[in-house]
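1. sequence and predicted structure are below.
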Amino acid sequence: MTSPNSPAPSAAPTGGFPGKRLAARGFVVRGVAIVAALAVLGYGVYWWTTARYLESTDDAYVGGDVTVLAPKVPGYIAQVLVTDNQAVRAGDVLVRLDDRDYRAALAKAEGAVAAQQALLANLDATARLQTAVIAQAHASVAAVTADARRAHDDQVRYQDLVAKSAVSVQSAQKADADYKQIVANRDRAQAGATAAERQLDVIATQKQQAQAALAQSIAERDIARLNLEDTVVRAPVDGTVGNRRARTGAYAPAGTQLLSIVPAHGLWVDANFKEGQLARLRPGMPVKIEADVLPGRVFHGRVASLAPATGAQFSVLPPENATGNFTKIVQRVPVRVQLDDADGHLGTLRPGLSVTAEVDARGEGRESPATPATPAAPAAAKVAAR
């Protein structure tokens with residue numbers, strides 16, 4: 001029973017605000033679901049077409065042929081013409097050593113060469129003179145031979161005259177003695193000619209010795225010239241000077257590191273991939289490189305080669321897993337990535353920087369020795385034979 005003074009129940013509010021809120025909420029939920037589905041679908045398509053072919057690692061570093069310069073000859077440093085981080089070109093003078101000792105050594109070697117050349121010239125003149133002496137000796141032999149022939153004729157003639165009592169015996173004896181003396185003179189002249197010819201052989205031997213000594217002197221002069229040239233240390237390649245240790249006035253033994261040059265181009269990346277990632281890697285596949293020092297910048301290159309062993313095998317103390325104390329550790333294999341010419345310059349990348357490497361396994365590459373082909377054909381032939 002209702003009291004007549006009690007207020008009447010209020011009427012329900014009219015209007016569709018709660019329904020609109022529910023409809024809007026459902027629309028948002030459906031929109032979010034559609035967007036999520038599209039995102040999942042898009043990622044699925046991306047994974048199916050691209051992501052599943054990508055192999056990446058952040059254990060990668062930029063490398064380059066860093067050249068360590070050292071003098072070939074010892075000496076005191078006279079000049080250091082470069083500073084750290086200075087760009088140089090091939091052939092630029094970097095360091096000069098005190099070259100006074102080497103200049104003196106070169107002058108001494110050149111003097112030795114000149115002396116040997118003079119000795120050779122003297123031997124040549126002596127050989128020509130000896131040739132004239134030999135000709136003179138042969139002429140004397142010819143003259144004495146003619147006298148001996150005449151004396152022999154006189155001897156025969158006097159013997160006939162003595163038999164006929166036309167001349168005295170004393171005259172015949174004198175003719176016989178003259179003949180014998182002339183024959184002795186002829187023999188002496190022939191011996192002198194032979195000795196002169198033998199002397200020419202001696203001169204030829206001395207000339208050979210002088211030529212050998214000249215060759216040795218020339219070699220020593222060339223070494224002295226090279227030593228003098230080596231007192232100037234030049235840049236072998238274009239690049240930037242780093243780790244400069246050379247100081248003016250310091251003594252630099254041969255082989256002591258003076259400074260290093262980082263090449264201006266020809267950089268590469270050594271990416272250490274896990275052993276499970278190597279199955280699809282081939283030389284020639286395209287690679288994208290991202291460096292922490294240049295965020296947002298993408299460098300390009302290609303797989304150049306795969307290391308013949310894991311990085312641990314090339315360490316100073318390779319690990320040895322003894323029986324009963326084995327813990328499997330995923331090994332990594334260095335993969336050399338050659339950067340494109342436009343990206344492999346020192347101005348953008350520097351050796352030692354950490355990078356992220358991503359290999360697109362869809363790219364065409366050459367067969368790698370790291371993944372030999374499976375001999376499926378012989379196995380199939382055996383199955384067919386059965």
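-> Thanks, I have it. Numbers count the residues shown, from 1 in each chain.
2. now do the helices in the stretch 251-386 of the chain.
-> In the stretch 251-386 of the chain, the helices defined using DSSP state H, counting those that start in this stretch lie at 376-385.
3. where does it dip in pLDDT?
-> 321-326, 344, 346, 363-386 (pLDDT under 70).
4. quick one: distance of stretch 290-305 to the chain centre.
-> 28 Å (C-alpha atoms, centre = their mean, to the nearest Å).
5. quick one: contacts of that stretch?
-> 62, 268-269, 281-289, 335-340, 343-344, 348-350, 353-356, 358-359, 363, 365 (C-beta atoms under 8 Å, 6 or more residues apart in numbering). No exception for glycine: its C-beta is placed from N, CA and C like everyone else's.
6. return the subset of those lying in strands.
-> Among the contacts of stretch 290-305, the members falling in strands are 62, 268-269, 286-289, 335-339, 354-356, 358-359 (criterion: DSSP state E).
7. among the residues you listed, which ones are buried?
-> Applying 16 or more other C-beta atoms under 10 Å to these, the neighbour count classes 62, 268-269, 286-289, 335-339, 355-356, 358-359 as buried.
8. quick check, nearest of these to A78?
-> For these, the closest approach to A78 (C-beta to C-beta) belongs to V62, at 35.6 Å.
9. is it true that the closest one touches A271?
-> No: taking contacts as C-beta atoms under 8 Å, V62 lies outside contact range of A271: 10.3 Å.
10. so where does A204 fall, helix or strand?
-> If you go by DSSP states H and E, A204 is part of helix 169-229.
11. off-centre distance for the helix or strand following that helix?
-> Using DSSP H and E, the next helix or strand after helix 169-229 towards the C-terminus is strand 232-234. Centroid displacement of strand 232-234 relative to its chain, using C-alpha atoms, centre = their mean, is 17 Å.
12. residues in contact with strand 232-234?
-> With C-beta under 8 Å, 6+ apart as the test, strand 232-234 has contacts from 69, 71, 90-97, 99, 258.
13. now, of the residues you listed, which are buried?
-> Applying 16+ other C-beta under 10 Å to these flags 69, 71, 94-97, 99, 258 as buried.
14. for the buried ones among the ones in strands among the contacts of stretch 290-305, work out which two are farthest apart.
-> Across those (C-beta to C-beta), the longest gap, 17.8 Å, separates V62 and P286.
15. the strands in the stretch 1-150 of the chain, which residues?
-> 54-63, 67-69, 75-80, 87-88, 93-97 (DSSP state E, counting those that start in this stretch).
16. give me the nearest residue to K288, chain neighbours excluded.
-> Distance criterion C-beta to C-beta, 6 or more residues apart in numbering; nearest residue to K288, sequence neighbours excluded, is E358 at 4.6 Å.
17. okay, V93 and I289: tell me how far apart.
-> If you measure V93 against I289 using C-beta to C-beta, to the nearest Å, the figure is 35 Å.
18. neighbours of T231, how many?
-> A count of neighbours around T231, defined by other C-beta atoms under 10 Å, yields 22.
19. show me the contacts for it.
-> Neighbouring residues of T231 by C-beta under 8 Å, 6+ apart: 71, 73, 75, 96-99, 102.
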